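>>> Fold the stuff below for me.
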Amino acid sequence: QVQLVESGGGLVQAGGSLRLSCAASGRTVSRYTVGWFRQAPGKEREFVASISWNRDTTYYADSVKGRFTISRDNAKNTVYLQMNSLKPEDTAVYYCALSTSTDASRPAMFGSWGQGTQVTVSS
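Predicted coordinates for the structure are as follows:
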């Protein structure tokens, strides 16, 4: 059974950067699509970005295009989310999860959710 652990969250000023990591243990995730999602208080969980197992396919939410970059290191069983030019509206708990679908973007298409890491962007 695979376990995902997110890290790298924190408090940052608007315009700053953070790099989140999603480390997998218990099983290789090299054949899975990995997605990042976020959930702000009182809001539904929303898709942020995803990357296919071979890195050929990436998707981004419109709200983060040009600012966030998803990448993966299959040798380290880790997926990253580089977040630049952060805005207060990026404040949320960020989660990573796995999917067997190459073009997955809906939360229902993902499983094995991590516990999340808090990102807070101050204005």
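>>> so the nearest residue to Ser7 once chain neighbours are set aside, which of the three states?
In this structure, Ser7 finds its nearest non-sequential neighbour in Ser21, 5.1 Å apart by C-beta to C-beta, 6 or more residues apart in numbering. Heads up, the C-betas are built off the backbone N, CA and C, glycines and all. State at Ser21, reduced to three classes by DSSP: H, G, I helix; E, B strand; the rest coil: strand.
>>> How many neighbouring residues does Ser21 have?
Other residues within reach of Ser21, judged by other C-beta atoms under 10 Å, total 17.
>>> List the contacts of it.
The contact partners of Ser21, by C-beta atoms under 8 Å, 6 or more residues apart in numbering, come to 6-8, 78-80.
>>> Contacts only, for Ser25.
2-3, 5, 77.
>>> Tell me which of those residues fall in strands.
3, 5 (DSSP state E).
>>> Report the helix or strand with the lowest average pLDDT across the chain.
The least trusted helix or strand in the chain, going by mean pLDDT, DSSP states H and E, turns out to be strand 58-60, with a mean of 94.
>>> How far off centre is it?
Mean C-alpha position of strand 58-60 versus that of the full chain (C-alpha atoms, centre = their mean, to the nearest Å) differs by 11 Å.
>>> Kindly tell me how buried the nearest residue to Pro107 once chain neighbours are set aside is, as a neighbour count.
Nearest residue to Pro107 in three dimensions, chain neighbours excluded: Arg45, at 5.3 Å (C-beta to C-beta, 6+ apart). Counted by other C-beta under 10 Å, the residues lying close to Arg45 total 18.
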